[in-house]
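Asks: Here you go, sequence then predicted model.
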Amino acid sequence: MTAANGHYDVAIIGGGPGGTTVGTLLRKYDPALRILILEKEKFPRDHIGESQLPPISVVLDEMGCWDKVEAANFPIKVGATFRWGSNPELWDFEFLPLKDFADEPRPARYEGQRKQTAFQVDRSIYDQILLQHAEEKGCEVREETPVARIEHEGDRITGLTLENGQTVTARYYIDASGYSGIVRRALGVRSEVPTTLLNVAFWDYWENAEWAVRIGVGGTRIQIMSQAAGWIWFIPLGPTRTSIGFVCPGEFYKKSGKTPEALYQQMISGEERVAALTRNATRTGHVRSTKDWSFVAERAYGENWFLVGEAAGFADPILSAGLTLTHTGGRELAYTILELNRGGHDPAWLKDQYDYWQRKRVRQHIRFADFWYAANGQFTELKEHCQSIAQEAGLKLTPASAWRWLAQGGFSNDVVGQAGIGGFDLTGAKQIMQLFTAREAKWELSDFNVLKLDLNRATEGWIPLYHDGKITRARCYHRGEYRLAVTGMFELLLRCLDQSADISAIYQLLLNTFQAKATAKHVPVLMKHAMQCLEVMINEGWVTAKLDPRKPRLELSTPSESVMVHPNRDQIGPAATA
Ligand SMILES: Cc1cc2nc3c(=O)[nH]c(=O)nc-3n(C[C@H](O)[C@H](O)[C@H](O)COP(=O)(O)OP(=O)(O)OC[C@H]3O[C@@H](n4cnc5c(N)ncnc54)[C@H](O)[C@@H]3O)c2cc1C
């Protein structure tokens, strides 16, 4: 909806996924809002950030555009194949058991197995679909309209001056300008850099590279291949187009004395799997490059403005998490503004919660990325660099201490009420720990059998739950950086811990509860989820665990191979299928 007087409810700078998620969801839940999206480029335009994770699909569905993205026929991402860890053997991570992945025709609907998959997107097409969708939903979109200056009085933005000299005013301003972070910079918001990971990336687009594997109709795994001094991504973006990039420390690139083209060629041709997949392929011949320095903004909001997506923070691309953080953050920001408009919640609480969860998630992803780099034995030319990442981060590479270190960032931030990080559930994250350290990753839950709730010095508060365009509050406990949501599985565990400290009794209480309300097939899934959440409660200090030698213990172990994380068995070649 156009504002006749040039004054809008919300002015969004940037028409990438962050901006379009906020704009579309604002209009979906409040069609009266006047939303302006200002985009400096003319779409379609190329952009990096192509490999998605399944939580994005939930947001696309809520935005009402999952079907449009599916219709673009992007490859379905069912997981990734890695050369990464203590030995050079390839291993796969999959979002769902492949034996259950049926050959469904496409375009499909957002249901069944597709709820567990993601897309590998050509951003020039993807971002255009999302921008057009936002426009169809009633956002006013102006392309080729760079914002030149942020006018402000102290922390309050008073208007945007466009490069064409016009001025735009709004009640709320959103910085969705990605790496530029135009509002962040104009208002002097500092960035934390909680890592020594300072990487650079070089990439190009290829025609007719073979896919490493074809899974069902249109499905595949992306390939992440470590090399001695960095890693290569191989991401099919369509039937014939593939993005292939190389990431290495900025220092390594500088010292190499090579041009981006020479370094790129050397790295791609030196990786035998990628070289095999590209033997009949051609490149555009134009190597793109960027810094990919992880950071978190010191705050994600001000008096009448918010940062979203990459403007608020960035975590190294090894986890393919940037777009997931962006879409999820965009959704939460839309809900926050809707509630600010409704006036039903304390505005300071709404803004603080938005700020807390965005920055906490980015920080924890950076922490996880630090671990990936520090623990990768395949970086044979970067040994000192990896040691210094570990040292600076205070990370020791044994499974137990690495796990404690990772737990400091929290495992319950990605999705409230669940335990995991970066697309891995807790078991998957422990398997990664095992793969990288070549030692068993144990469970506290099987070492101890007396569990006591410890809410000492914890204060009670509220966390937001985002559903159906509304924010509701759930009780939570705060202690330091941690929040324990009194909702979902954690609420049930709190009730069980109230009734008994004995692990066998707690286990039985959980089993009885699930058997009473779930199907027989679903009970083991719920039990696994419950054990993961209980382990997180121990890791985050909500439960103190002791061993009583007279009592039985649970026997939990981390499998070296599971349906989700297992050795790779693909045969490279034109007819390769899984
Ligand atoms: C090397 C690398 C690899 C990556 N790989 C992945 C990956 O595999 N998976 C993943 O999920 N993420 C990945 N990412 C991260 C991903 O690219 C970002 O998370 C994502 O693009 C952020 O979306 P956004 O909407 O915040 O910003 P952007 O997508 O950057 O959109 C910002 C928009 O703002 C516009 N803009 C900027 N300044 C102005 C202005 N002054 N006026 C008007 N418009 C403006 C820009 O033109 C742009 O269209 C990667 C990042 C890098 C650097």
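Replies: Sure, I can see it.

Asks: Now residue 374. Nearest residue, chain neighbours left out?
Replies: With sequence-adjacent residues excluded and distances taken as CB to CB, 6 or more residues apart in numbering, residue 374 is closest to residue 390, at 3.9 Å. Using the backbone N, CA and C atoms, a C-beta is placed for each residue, glycine as well.

Asks: How about the contacts made by residue 552?
Replies: When contacts are counted by CB atoms under 8 Å, 6 or more residues apart in numbering, residue 552 is found next to 449, 503, 504.

Asks: With residue 297 instead?
Replies: Here residue 297 is in contact with 181, 184, 189, 190, 191, 192, 307, 311, 312, 313, 359 (criterion: CB under 8 Å, 6+ apart).

Asks: One more pass at 6 Å, please.
Replies: Going by CB atoms under 6 Å, 6 or more residues apart in numbering, residue 297 touches 184, 189, 191, 307, 312, 313.

Asks: Just these: which are in helices?
Replies: Per DSSP state H, helices hold the following members of the contacts of residue 297: residue 184.

Asks: Quick check: of the contacts of residue 297, which lies closest to the ligand?
Replies: Of all the contacts of residue 297, the ligand sits closest to residue 312, with 8.0 Å by CB to the nearest ligand atom.

Asks: quick one on the thing from earlier: now list the buried members of the contacts of residue 552.
Replies: Restricting the contacts of residue 552 to buried positions leaves 449, 503, with burial counted as 16 or more other CB atoms under 10 Å.

Asks: CA atoms only: put the helix or strand that contains residue 263 into PDB for me.
Replies: In the assignment (DSSP states H and E), residue 263 maps to helix 260-269. Coordinates of each C-alpha in helix 260-269 appear next as PDB, following Å, rounded to 0.1, in the frame of the first residue of the first chain:
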ATOM      1  CA  PRO A 260      41.800 -14.800  -6.700                       C
ATOM      2  CA  GLU A 261      41.600 -16.500 -10.100                       C
ATOM      3  CA  ALA A 262      44.900 -18.400  -9.700                       C
ATOM      4  CA  LEU A 263      44.100 -19.500  -6.100                       C
ATOM      5  CA  TYR A 264      40.600 -20.500  -7.100                       C
ATOM      6  CA  GLN A 265      41.800 -22.600 -10.000                       C
ATOM      7  CA  GLN A 266      44.500 -24.300  -7.900                       C
ATOM      8  CA  MET A 267      42.000 -25.200  -5.100                       C
ATOM      9  CA  ILE A 268      39.200 -26.500  -7.300                       C
ATOM     10  CA  SER A 269      41.500 -28.600  -9.600                       C
END
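
Asks: List the buried residues in the very next helix or strand once past it.
Replies: Downstream of helix 260-269, the next assigned helix or strand under DSSP H and E is helix 272-277. Buried residues in helix 272-277, defined by neighbour count with 16+ other CB under 10 Å: 273, 274, 277.

Asks: For the second one, list the residues it contacts.
Replies: In this case it means residue 274. By CB under 6 Å, 6+ apart, the neighbours of residue 274 are 232, 234, 268.

Asks: Over to the last one?
Replies: When contacts are counted by CB under 6 Å, 6+ apart, residue 277 is found next to 209, 210.

Asks: any idea how far the ligand is from it?
Replies: Distance of residue 277 to the ligand, given as CB to the nearest ligand atom, to the nearest Å: 18 Å.

Asks: Read off the pLDDT value for that residue.
Replies: We note a pLDDT of 96 for residue 277 in this prediction.

Asks: and of the contacts of residue 552, the nearest to residue 26?
Replies: residue 503 (46.7 Å; CB to CB).

Asks: give me every residue that touches the closest residue to the closest one other than its chain neighbours.
Replies: Leaving aside its sequence neighbours, residue 503 sits nearest to residue 449 (CB to CB, 6+ apart; 4.5 Å). Each residue near residue 449 by CB under 6 Å, 6+ apart is listed here: 503, 548, 551, 553.

Asks: Pull out the buried members of those.
Replies: Looks like these have residue 503 buried, using 16+ other CB under 10 Å.

Asks: Does the ligand have contacts with the top helix by length along the chain?
Replies: Counting residues, the longest helix found in the chain (DSSP H) is helix 347-374. No. Helix 347-374 lies apart from the ligand when judged by CB under 6 Å from any ligand atom; the minimum separation is 10.1 Å.

Asks: got it, and stretch 62-79?
Replies: No. Using CB under 6 Å from any ligand atom, stretch 62-79 stays clear of the ligand, with a minimum separation of 9.9 Å.

Asks: pLDDT of that stretch, averaged?
Replies: Computed over stretch 62-79, the average pLDDT equals 97.

Asks: near the ligand, which residues of the stretch 51-200 of the chain?
Replies: 51, 52, 146, 147, 176, 177, 178, 179, 180, 182.

Asks: Can you check the residues you listed and name whichever has the most neighbours?
Replies: Counting neighbours by other CB atoms under 10 Å, residue 176 comes out on top of those with 33 neighbours.

Asks: ok so, going back, make a markdown table from the residues of the stretch 51-200 of the chain next to the ligand and add pLDDT to it.
Replies: Listed next are these as a markdown table, based on pLDDT from 0 to 100:
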| residue | pLDDT |
| --- | --- |
| 51 | 97 |
| 52 | 96 |
| 146 | 98 |
| 147 | 98 |
| 176 | 98 |
| 177 | 98 |
| 178 | 97 |
| 179 | 93 |
| 180 | 96 |
| 182 | 98 |
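
Asks: Spell out which residues make up each domain of the chain.
Replies: Taking automatic domain parsing as the reference, the chain has its domains at 7-350, 396-546.

Asks: Tell me which of those domains sits most buried.
Replies: For the domains of the chain, the largest average neighbour count (mean count of other CB atoms under 10 Å) is found in domain 7-350, namely a mean of 20.

Asks: okay, how far is it across it, tip to tip?
Replies: Using CA to CA, to the nearest Å, one end of domain 7-350 lies 24 Å from the other.

Asks: ok, now stretch 369-387?
Replies: 14 Å.

Asks: Now do the buried residues in that stretch.
Replies: Quick answer for stretch 369-387 (16+ other CB under 10 Å): 369-379, 382, 385-386.

Asks: can you list the weak-confidence ranges in the chain?
Replies: Scanning the chain for pLDDT under 70 picks out 1-5, 412-417, 573-578.

Asks: Please report how far the closest residue to the ligand within the stretch 51-200 of the chain lies from residue 140.
Replies: Of all residues in the stretch 51-200 of the chain, the one sitting closest to the ligand is residue 178 (2.3 Å; CB to the nearest ligand atom). Look at residue 178 and residue 140: by CB to CB, to the nearest Å, they are 20 Å apart.

Asks: likewise residue 194?
Replies: Residue 194 is 38 Å from residue 140, by CB to CB.

Asks: Name the surrounding residues that touch the helix or strand where the residue nearest to residue 374 lies.
Replies: Assigned by DSSP H and E, residue 390 belongs to helix 383-393. Residues outside helix 383-393 that contact it (CB under 6 Å, 6+ apart): 196, 249, 370, 373, 374, 379.

Asks: Pipe the residues you listed into TSV and attach distance to residue 428 per row.
Replies: Formatted as TSV, those follow (distance: CB to CB, whole Å):
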residue	distance to residue 428
196	26
249	27
370	18
373	19
374	19
379	22
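
Asks: contacting residues for the residue nearest the centre of the chain?
Replies: Centroid-nearest residue in the chain: residue 321, 3.0 Å away (criterion: CA atoms, centre = their mean). Contact analysis of residue 321 by CB under 6 Å, 6+ apart lists 315, 365, 422.

Asks: Now with 10 Å, please.
Replies: 51-53, 55, 314-315, 328, 361-362, 364-366, 368-369, 414, 421-423 (CB atoms under 10 Å, 6 or more residues apart in numbering).

Asks: same question, residue 143
Replies: By CB under 10 Å, 6+ apart, the contact list for residue 143 reads 15, 37, 38, 39, 40, 41, 42, 43, 45, 128, 131, 135.
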